[in-house]
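J.: I would like the atomic coordinates for the input below:
(one chain, ligands or ions: 1)
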Amino acid sequence: MLLTYGLKPVPFNHEMLSLTGLPRSSKKTVTVIGGGVAGMSAACALAEAGLRVQLLERRGYLGGRASSYLHPGVGEVIDNCQHVLFGCCTNLIGFYRRIGVADRIHWTSEMTMIEPGGRRSRLGPFELGPVRLPAPLHGAPSFLSAKAFSFKDKLALGRAMRAMMRVTSRLGEADDPAESLGDWLRRHKQTDGAMNRFWRLVIASALNAEIDEIAVPYAAKVIRELFLNSAQAGSMGMSTVPLSGLYAGVTSFLEERGGSVHLNAHVEGAAWDGAQWTVRTRTGELASDFVVVALPFEAAAQLLPHLPQVEGAAELAGKISRHQHWPICSVHLWFDREITELEHAVLLDREIHWMYNQSRLQTGRGGHYIELVVSATRAFAALPREQAIRQAVAELAEFFPRVKDAKLEKVALVKEVRATFGVPPGIDAARPTAVSPWPNLFLAGDWTATGWPSTMESAARSGHLAAEAVCASLGEAKAFLDAHLRPRGLMRLLA
Ligand SMILES: Cc1cc2nc3c(=O)[nH]c(=O)nc-3n(C[C@H](O)[C@H](O)[C@H](O)COP(=O)(O)OP(=O)(O)OC[C@H]3O[C@@H](n4cnc5c(N)ncnc54)[C@H](O)[C@@H]3O)c2cc1C
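T.: So this is what the prediction gives:
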């Protein structure tokens, strides 16, 4: 039963919900606030554990910052931005498996880097029939033959990779915790080519921030997972359906286990009576034994003053205030003809960073739909719409000359100003665990203490951690966290 709140208040279905007092069934009830990846993964894990889950989402659809919608300007369903995952994202994959959509992810191990003018370099694991090189050497042959890097760039990158392997895997314990990635790279004498074409482009855009605002252990984590630990960990996944299509099964998953999804349910506050929570939305109230707050940090900050005053709340508010947003922009272009046979590519030396050929990636999409992504660039995000589109199309033509003859049929620009949180040195002290200062109330969200940067994996991990914390407080310890992918080959010795 899906309850959708319209603009006018719609009464709750009393058969499904208890507005006050005890839940109608003997099952313990949990209200999950926020229908992003964190909230959905917590909700599904808790439903599987036997709790009755009420998932509340302020928008009219699930997915949060990783969702799709019908764009009115172009009349097409588009993702708010291309989202990629990697083989190392075990909790996100675990969440997809739980709701039965893991087979909707298309996996590839190849990454094509293109220089303006069109010269290509392919990065990926070495395979010659059954012959494979052990990690971390699996990517070495393609890296050594990549034309995008000079011999000096390769020496510098090899040196830095070795040094990165020594950076402790326990985040927050780099040699000098205050050193930024930028300073670390300058100390390790990185060439301009290595800086611009690898660190600034591949690593900084994976972490969606400028190199001077990234903590070294986070960069080390990306390097190890994507390039060193194993070919499987570094393989790249992209959805073959618009993102919201992935979550279509969440509602039925919860309903089949006695739960419910409530869209257009903006939570404004919550009260604790010593035994139960009453969660207040704009259109009604819900009672539950537990609450999981699975909001982005700025929405959590807005909710805090509307929760009961308790010791520790001010400290949590202080932690949240240390977080900062970084933008991501995407330009969606429909051409009258195919401009490239590639599924995706990394575009070097320009403002646009990634190209995704959505007509090839998404099943049944048709047409000639190309999406360009610009990460961590506040300057691009500030450009007026027409200028941003003009620049993106002009740059695209430098990589794919067919753009010059093609007719641009329609275009959408999506600026996500609050796309991700940054991971500057010291940020771990501002990432709270799932346990909150309130009784029976737990925290989730990509920005909480997961050890991962702002990603869907971090969100899914946080959801699983919050679900474990709820079960632990019920005295029924359960494990939802999916195991980390073990390093392979020689990396096992270095782990
Ligand atoms: C443009 C862009 C590109 C990205 N690219 C990638 C990528 O390639 N790979 C990757 O792994 N990650 C990527 N990310 C990051 C990823 O999307 C996020 O880390 C992840 O989706 C966060 O999930 P979440 O559940 O923690 O938060 P959110 O997705 O923000 O979910 C929180 C939910 O709470 C709802 N909400 C807010 N306030 C209230 C309220 N008061 N009451 C009820 N509901 C409320 C929101 O509407 C939202 O649905 C990208 C993000 C963006 C924006």
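J.: for Val261, list the residues it contacts.
T.: For Val261, the contacting residues are Leu2, Leu3, Gly35, Leu55, Glu57, Leu62, Val250, Thr251, Leu254, Glu255, by CB atoms under 8 Å, 6 or more residues apart in numbering. All C-beta spots, glycine's among them, are computed from the backbone N, C-alpha and C.
J.: where does it fall, secondary structure wise?
T.: Here Val261, judged by DSSP states H and E, is contained in strand 260-263.
J.: tell me the strands beside that strand, with direction?
T.: Strand 260-263 sits in its sheet next to strand 2-4 (parallel), strand 52-56 (parallel), going by DSSP bridges.
J.: let me know the pLDDT of Val10.
T.: If you check Val10, the pLDDT there is 32.
J.: close to the ligand: what parts of this protein are there?
T.: Taking CB under 6 Å from any ligand atom as the measure of proximity, the chain contacts the ligand at 33-39, 56-59, 64-66, 80-81, 83-85, 266-267, 294-296, 299, 328, 416, 419-420, 445-446, 454-459.
J.: report the buried members of those.
T.: 33-39, 56-58, 64-66, 80-81, 83-85, 267, 294-296, 299, 328, 416, 419-420, 445-446, 454-459 (16 or more other CB atoms under 10 Å).
J.: all the strands of the stretch 101-250 of the chain, residue numbers only.
T.: Taking DSSP state E, counting those that start in this stretch to define them, one finds strands in the stretch 101-250 of the chain at 105-108, 111-114, 120-123, 127-128, 131-132, 236-239.
J.: how about those in TSV, adding mean neighbour count and mean pLDDT?
T.: Conversion of those to TSV gives the following (neighbours: other CB atoms under 10 Å; pLDDT from 0 to 100):
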stretch	mean neighbour count	mean pLDDT
strand 105-108	15	97
strand 111-114	20	96
strand 120-123	16	96
strand 127-128	10	80
strand 131-132	11	86
strand 236-239	20	98
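J.: how about the helices in the stretch 1-150 of the chain?
T.: 37-48, 90-98, 140-145 (DSSP state H, counting those that start in this stretch).
J.: can I get the first one as PDB, trimmed to CA atoms?
T.: It stands for helix 37-48. Taking Å, rounded to 0.1, in the frame of the first residue of the first chain, the C-alpha atoms of helix 37-48 are listed here in PDB:
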ATOM      1  CA  VAL A  37      20.000   5.100  -0.700                       C
ATOM      2  CA  ALA A  38      20.700   5.300   3.100                       C
ATOM      3  CA  GLY A  39      17.100   5.300   4.100                       C
ATOM      4  CA  MET A  40      16.100   2.600   1.600                       C
ATOM      5  CA  SER A  41      18.900   0.300   2.600                       C
ATOM      6  CA  ALA A  42      18.200   0.700   6.300                       C
ATOM      7  CA  ALA A  43      14.400   0.200   5.700                       C
ATOM      8  CA  CYS A  44      14.900  -3.000   3.600                       C
ATOM      9  CA  ALA A  45      17.400  -4.500   6.100                       C
ATOM     10  CA  LEU A  46      15.100  -3.800   9.000                       C
ATOM     11  CA  ALA A  47      12.100  -5.200   7.200                       C
ATOM     12  CA  GLU A  48      14.000  -8.300   6.600                       C
END
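J.: other SSEs contacting that helix?
T.: strand 29-33, strand 52-56, helix 90-98, helix 248-256, strand 290-294, strand 441-444, helix 456-473 (3 or more CB pairs under 8 Å, 6 or more residues apart in numbering; DSSP states H and E).
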